[in-house]
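Sequence and computational prediction follow.
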Amino acid sequence: MSTLTRHILDQSGSGVAISVTEMRFGSGPQVVYCQAALHADECPPLLVARQLCQHLAVLEAQQRLHAEFRIVTQANPIGGQQWVRQHHVGRVELGTGQNFNRDFPQLAALVIEELGPRLTSDPQANRAMARELWHEALAGLISENPVMALQRVLLDLALDADWVFDLHSDDEAECHLYAAPSDLAVALSLGGRLGASAVLIESDTGAHSFDDTLMQFWETLETAFPRRGFQAPLTAMTVELRGTRDVSMAQAHSDCEALLGLWSEHGLVTSDSGQLLSEPVAYPLRGLDVLTTPYCGLVVWHRALGDWVTAGDLVAEIVEPDQPERDPRQIRARSEGRLLARRGHPWVRAGDVVCKVAGSKPLSWRFGNLIGGRQ
Ligand SMILES: [Zn+2]
């Protein structure tokens with residue numbers, strides 16, 4: 001029987017209660033966690049999550065669920081209510097400017113301290129103990145601001161999971177995914193069902209994003225305690241469901257089918273949903289060039305999403321309205337690859353991300369935090 005829980009955030013504010021809504025379906029030895037729109041203005045996941053809940057309710061009634069499913073239908077209710085002069089702002093918290101999907105609390109070191117003396121020869125028991133200590137560490141954390149309060153709730157719901165799907169969208173984009181090398185096969189399978197063109201691979205983006213935080217926790221434990229059951233107990237990925245404006249019932253239905261198809265492939269549900277719609281290509285995240293503009297002005301595109309570009313190709317021009325006698329500035333590709341994402345709004349200022357080009361060769365200037373712009 002499905003359950004609906006509203007997890008109230010501490011730090012909601014005086015006289016205000018903000019809650020994260022979670023639906024649970026089914027039961028079984030594995031936990032599947034799926035959340036929508038941690039960046040609150042990335043809208044397509046909201047419809048997918050809603051439709052997923054409807055599908056899962058039907059499958060549950062038919063006793064075709066073989067795992068516990070936790071669906072967070074709106075992962076960021078704080079960002080969902082941020083408006084500035086009639087413009088929605090969902091990517092960063094207005095009070096601090098903090099990106100909602102960065103700097104999640106890293107608690108592996110705390111857990112390792114407590115876990116060492118309690119380890120057994122049973123890998124399953126060790127994992128259960130690690131999760132229990134992780135829950136405790138999170139509970140002991142003081143939320144210093146509303147973003148941290150939100151991050152605590154989301155991590156607490158996801159850390160039991162064997163599967164995590166963090167649903168986002170880019171500005172204007174083809175469908176693509178971010179995953180660790182160990183999850184490449186699953187990401188390619190899901191990507192093919194979604195009609196994605198690319199899977200971006202990196203073991204650590206350096207951003208302490210949501211899925212990174214979960215994956216890094218287990219990796220840190222595996223390094224500290226090899227062969228004790230901490231090697232890859234989690235499959236996690238970030239899914240970019242095209243552009244923020246790509247919202248339609250038909251697309252959401254197709255994306256639900258893709259997720260259900262993947263879950264069926266792994267015995268988590270019984271469903272004949274989904275088929276392969278594409279053959280995505282795996283690219284190293286270090287091969288993804290994020291082009292920014294050094295100029296302020298109007299973006300005029302010369303290349304379309306999905307185009308293959310080589311270094312030096314003209315991708316866009318920036319028309320400067322205060323320089324009517326000067327030729328437009330040119331934005332040229334710096335590397336070979338596929339034009340995966342573009343800025344949606346045509347007015348830019350210096351430093352804004354203009355587009356992303358996914359290539360197969362790691363780029364020397366890509367280091368440190370590897371996820372910029374939308375993700
Ligand atoms: Zn995002």
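Sure, I can see it.

What strand or helix carries Met23?
Secondary structure assignment for Met23, by DSSP states H and E: strand 19-25.

Repeat that for Phe69.
Using DSSP H and E, Phe69 falls within strand 68-72.

swap in Asp289?
strand 288-292.

Show me what that strand pairs with in its sheet, parallel or antiparallel.
strand 353-358 (antiparallel) (DSSP bridges).

could you dump the strand it pairs with to PDB, C-alpha only?
Output of strand 353-358 as PDB, limited to C-alpha atoms (Å, rounded to 0.1, in the frame of the first residue of the first chain):
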ATOM      1  CA  VAL A 353      27.500  29.800 -20.000                       C
ATOM      2  CA  VAL A 354      26.600  29.800 -23.700                       C
ATOM      3  CA  CYS A 355      26.700  26.100 -24.600                       C
ATOM      4  CA  LYS A 356      28.200  22.700 -23.900                       C
ATOM      5  CA  VAL A 357      30.200  20.500 -26.400                       C
ATOM      6  CA  ALA A 358      30.700  16.900 -25.500                       C
END
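
what's the neighbour count on the residue in the stretch 51-200 of the chain positioned nearest to the ion?
In the stretch 51-200 of the chain, the residue found nearest to the ion is His168; the distance is 3.3 Å by Cβ to the ion. The C-beta positions use only the backbone N, C-alpha and C, and glycine is treated the same way. When counting by other Cβ atoms under 10 Å, one arrives at 26 neighbours for His168.

what does Asn126 give?
Asn126: 20 neighbours (other Cβ under 10 Å).

how far does stretch 34-45 stretch from start to finish?
Distance across stretch 34-45, first residue to last, is 10 Å (Cα to Cα, to the nearest Å).

tell me the average confidence for that stretch?
For stretch 34-45, mean pLDDT is 98.

chain center to the host helix or strand of Ala130, what's the gap?
Here Ala130 sits within helix 123-140, counting by DSSP H and E. Put simply, helix 123-140 sits 24 Å off its chain's centre (Cα atoms, centre = their mean, to the nearest Å).

which residues touch the helix or strand that comes right after that helix?
Sequence-wise, the next helix or strand downstream of helix 123-140 (DSSP H and E) is helix 146-158. Contacts with helix 146-158, where a contact means Cβ atoms under 8 Å, 6 or more residues apart in numbering, come from 7, 9-13, 18, 20, 22, 33, 35, 38, 70, 72, 75-78, 93, 95-96, 98, 100, 104-105, 135, 138-139, 141, 143, 164, 210, 213-214.
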